[in-house]
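Engineer: 3D, please:
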Amino acid sequence: MGVYSQSFELCTSRKGLHEITGQVREVVRASGLGSGMCNVFICHTSASLCIQENADPTARADLEAFFERLVPPDQPYFQHTSEGPDDMPSHIKSALTEVSLSIPIQSGRLSLGTWQGIYLFEHRERPHRRKLVVSVW
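Structural biologist: Residues are numbered from 1 along each chain as shown. Predicted coordinates:
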């Protein structure tokens, strides 16, 4: 069984959810695989991945707001602040979510539900260049 793997980078302009479903679909298409599995991995500890609703933007806004309330920046009990007040909160948010997702492939397509999209969840305030690895087998 062979594995097809491809990396890509995404430049985030802000904190929040950034849809990457299209980029992952392109890798699956390029693999030529009809059925199998797709794994998406983010090579960072201050951003993460999630599958979330992609139809109503208020769902994403509510999720982003929830995580901000759950782990607010600039708390006096955080020691790890070398990169700013959102440094440790970004690592906690990443630990609470996922750095890797597995999605089945059927008939050459990702088996996502009607309203599901794949998102990079940027937890840092300032722009970042994030590397992702997509593997298909």
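Engineer: quick one: average pLDDT of the lengthiest helix in the chain?
Structural biologist: Determined from DSSP state H, the single longest helix within the chain is helix 57-70. For helix 57-70, the mean per-residue pLDDT is 97.
Engineer: the very next helix or strand once past that helix versus helix 57-70: what angle between them?
Structural biologist: Downstream of helix 57-70, the next assigned helix or strand under DSSP states H and E is helix 87-96. Orientation of helix 87-96 against helix 57-70 (axes from the mean of the first three to the mean of the last three Cα atoms, to 10 degrees) gives an angle of 120 degrees.
Engineer: partner strands of the helix or strand that helix 87-96 is followed by and their direction?
Structural biologist: Downstream of helix 87-96, the next assigned helix or strand under DSSP H and E is strand 100-106. Strand pairing for strand 100-106, using DSSP bridges, gives strand 36-42 (antiparallel), strand 109-110 (antiparallel).
Engineer: highest mean neighbour count out of the ones you listed?
Structural biologist: Among these, the stretch with the highest mean neighbour count (mean count of other Cβ atoms under 10 Å) is strand 36-42, at a mean of 19. Using the backbone N, CA and C atoms, a C-beta is placed for each residue, glycine as well.
Engineer: so which residues make contact with that one?
Structural biologist: Here strand 36-42 makes contact (Cβ atoms under 8 Å, 6 or more residues apart in numbering) with 20, 24, 27-28, 48-49, 99-105, 110, 118, 120, 130-137.
Engineer: need the pLDDT of the residue located most distally from the centre of the chain.
Structural biologist: The C-alpha centroid of the chain is most remote from residue 76, which lies 28.1 Å away (Cα atoms, centre = their mean). The score at residue 76 is 93. That number is its pLDDT.
Engineer: secondary structure class for residue 23?
Structural biologist: helix (DSSP: H, G, I helix; E, B strand; the rest coil).
Engineer: ok, it - contacts?
Structural biologist: 8, 10, 132, 134 are the contacts of residue 23 under Cβ under 8 Å, 6+ apart.
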